[in-house]
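Asker: Dropping the sequence and predicted coords here.
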Amino acid sequence: MVVITQQREKCIGCNYCVELAFDQWRMSKKDGKATLIGAENKKGFYTLRLDYEVFDSNKRAADACPVKIIKVKVI
């Protein structure tokens, strides 16, 4: 299982995550920040658990994030 975590408030809206992992990310029209689709919010940390096949694309998105607010780990 893969766990993806995002600190959404620190997002600068660069869109790299959407380009690299379109199935899990969208840009909000409301505030211009990236949204992790289906994630649960706990104190500003948005977390989503998915199957392993999404690891590579989301790891690339995390590595490309200029403000390093995306974490991807395998559990």
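Answerer: Nice, I can see it. Numbering: from 1, shown residues only.

Asker: Show me where this protein has its helices.
Answerer: 16-20, 55-64 (DSSP state H).

Asker: Compare the ones you listed and give me the one nearest residue 1.
Answerer: If you check each of those against residue 1 by C-beta to C-beta, helix 55-64 wins as the nearest, at 9.7 Å. Heads up, the C-betas are built off the backbone N, CA and C, glycines and all.

Asker: So which bits of the closest one are buried?
Answerer: 55, 57-62 (16 or more other C-beta atoms under 10 Å).

Asker: cool, stretch 10-28 as well?
Answerer: For stretch 10-28, a neighbour-count test (16+ other C-beta under 10 Å) marks 11, 16-18, 20-21, 24-25, 27 as buried.

Asker: Out of the residues you listed, which is nearest to residue 46?
Answerer: Nearest member of the buried residues of stretch 10-28 to residue 46, counting by C-beta to C-beta, is residue 11, at 9.9 Å.
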